[in-house]
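Participant: here is the input, now give the coordinates:
(chains A and B)
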Amino acid sequence: MEDHEIVRLYFERDERAISETAAKYGAYCTKIAVNILSSREDAEECVNESWLHAWNAIPPHRPRILATFLGKIVRRLSFNRYQFLHAEKRGGCEVSAVLDELAEIVSDGESAEDSVIRRELIAQINAFLRSLPEEKRRMFLRRYWYSDSIAEIAARFGKRENAVSAALSRMRKELRAYLQERGYEL
Amino acid sequence: MKAAQLYELIGELDEAAVYDAAQPRSRRRHLIAAGLAAAACLGIAAGIWGWRRNSAPAPAYSVASDSSEALGETAVEFRDVRIYYYHDGEMQSETEYLPCTPERIFAAWKARNGVGDEVRFIACRIESNGTEHSDSSTASYTVGDTFILHLTVSAELAAYYDKMPPEQLQESLRLTMTGYSEIEYDGFDLKME
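Facilitator: Below you'll find the model as predicted:
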């Protein structure tokens, strides 16, 4: 079923919207959740919960891109659960390694609670990503949005794992410098 | 800021870019390039494709609007192609089962974006830093590592800039034209003439 037809089911409050969403995007969302949680059981619970969130959000929200809209929900829910499960200590999940890498960009100091600053930061990171060659941009997003492992990214792009790690390391440094040049000390 | 907060911020990045990063790239770039190389050899041997037709630097592959018959659409692979368009100011996309030729995909993009038939596909060329070598009997191709898609369409497209912001029209076109093949492009160049 096409995305606009699924969205129409949501707007009509037809419960087939959920089964059609699960059929089309279940695997996609489960992969995102498993990358974060490393537990299929936890991941499936988050995915099922995300269908309910989608049901409550549409309408009034009309997703620009249904896949990404659902992916964002399941990513957020899964990361919340990850933080709950790992409140005291990281480890064991791919996202733990992702967070260690992201820690190189931030200072671990004050957080940007202000929503305006958050929006500005998001815009700056988007601008940084647009400045990257397409393959690098995809690699960055596969690692830091989808939380793919280095091995998965290497396989996807036909690179050696060392090359992927090195490219990601360069991008982290570039992003930190890019934000600092624009006055953002994270 | 803590790493976890940056991770959450990254979750809010541009949806189109995130979606684009999820598109399958089932074959490696070197395999794609190898395919292009094979196609190049076939093209040279059969005289089907217009190599160096525009005297452009090292084109890997080019198709112009008058070459679709020669290309032989019956031999072209069909697949689900994602066509991007803007609706009420928001990016949308739908998949259509189409022959993977740039002309047909451009036609599908026009239909989704309300662009009329007066806007014509003129040419599509992939620029790569690969190089071709040929003599009277053989041809080979050294694979490059950068790919830029050059699309040329008729100037009537500019008339639609009054109806839709140019950046939206160009972005949906870029995503559509660079997303259907398994080549990971480093750039997209749109020309109108």
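Participant: switch to C-alpha atoms for all contacts and neighbour counts from now on
Facilitator: Fine.
Participant: pLDDT weak spots in chain B?
Facilitator: For chain B, the stretches with pLDDT under 70 are B:24-76, B:131-143.
Participant: relative to residue A:160, how far out is the residue in it that chain A sits nearest to?
Facilitator: With Cα to the nearest Cα as the measure, residue B:1 is the residue of chain B nearest to chain A, at 3.9 Å. To residue A:160, residue B:1 is 32 Å away according to Cα to Cα, to the nearest Å.
Participant: which one of the two is surrounded by more residues?
Facilitator: Taking other Cα atoms under 10 Å in any protein chain shown, residue B:1 and residue A:160 do not tie; residue B:1 has more neighbours (17 against 13).
Participant: state the helix or strand in which the more buried one lies.
Facilitator: When elements are assigned from DSSP states H and E, residue B:1 belongs to no helix and no strand.
Participant: now the closest residue to residue A:160 other than its chain neighbours: phi and psi?
Facilitator: Spatial nearest neighbour of residue A:160, excluding adjacent residues (Cα to Cα, 6 or more residues apart in numbering or on different chains): residue A:154 at 5.6 Å. Note on residue A:154: its backbone torsions stand at phi -60, psi -40 [degrees, to the nearest 10].
Participant: contacting residues for residue A:154?
Facilitator: A:160, A:161, A:164 (Cα atoms under 8 Å, 6 or more residues apart in numbering or on different chains).
Participant: of those residues, closest to residue A:74?
Facilitator: Within the contacts of residue A:154, proximity to residue A:74 (Cα to Cα) peaks at residue A:164, which comes in at 25.8 Å.
Participant: now the closest one: phi and psi?
Facilitator: The phi/psi pair for residue A:164 (degrees, to the nearest 10) is phi -70, psi -50.
Participant: repeat that for residue B:90.
Facilitator: The phi/psi pair for residue B:90 (degrees, to the nearest 10) reads phi -120, psi 140.
Participant: repeat for residue B:84
Facilitator: Per-residue torsions, residue B:84: phi -100, psi 150 (degrees, to the nearest 10).
Participant: what does chain B have sitting close to chain A?
Facilitator: Counting by Cα under 8 Å from any Cα of the partner chain, chain B comes close to chain A at B:1-22, B:25-30, B:90-95, B:184-187.
Participant: helix or strand: which one has residue A:148?
Facilitator: According to DSSP H and E, residue A:148 maps onto no helix or strand at all.
Participant: quick check, pLDDT for the spatially closest residue to it that is not a sequence neighbour.
Facilitator: Counting by Cα to Cα, 6+ apart, residue A:148 lies nearest to residue A:142, which is 5.6 Å off, once chain neighbours are set aside. Looking at residue A:142, its pLDDT is 95.
Participant: now do the contacts for the most centrally placed residue in chain A.
Facilitator: Nearest residue to the geometric centre of chain A (Cα atoms, centre = their mean): residue A:145, 3.2 Å. Shown in contact with residue A:145 (Cα under 8 Å, 6+ apart): B:7, B:10, B:11, B:18.
Participant: keep only those of the residues of chain B next to chain A that are in strands.
Facilitator: Mapping those onto strands (DSSP state E) picks out B:90, B:91, B:92, B:93, B:94, B:95, B:187.
Participant: got the domain ranges for chain A?
Facilitator: With domains defined by automatic domain parsing, chain A comprises A:3-88, A:95-181.
Participant: pipe those domains into a markdown table and attach distance to residue B:159 per row.
Facilitator: Below are the domains of chain A laid out as a markdown table (distance: least, Cα to Cα, whole Å):
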| stretch | distance to residue B:159 |
| --- | --- |
| domain A:3-88 | 25 |
| domain A:95-181 | 27 |
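Participant: rank those domains by mean pLDDT and give me the bottom one.
Facilitator: Across these, domain A:95-181 gives the lowest mean pLDDT, at a mean of 89.
Participant: so what's the gap between that domain and the chain middle?
Facilitator: 11 Å (Cα atoms, centre = their mean, to the nearest Å).
Participant: ends of that domain, what's the gap?
Facilitator: Domain A:95-181: ends 28 Å apart by Cα to Cα.
Participant: do stretch B:172-191 as well
Facilitator: 15 Å.
Participant: so which residues make contact with that stretch?
Facilitator: Here stretch B:172-191 makes contact (Cα under 8 Å, 6+ apart) with A:133-135, B:20, B:23, B:25-27, B:29, B:32, B:81-86, B:91, B:100, B:102, B:105-106, B:109, B:146-153, B:170.
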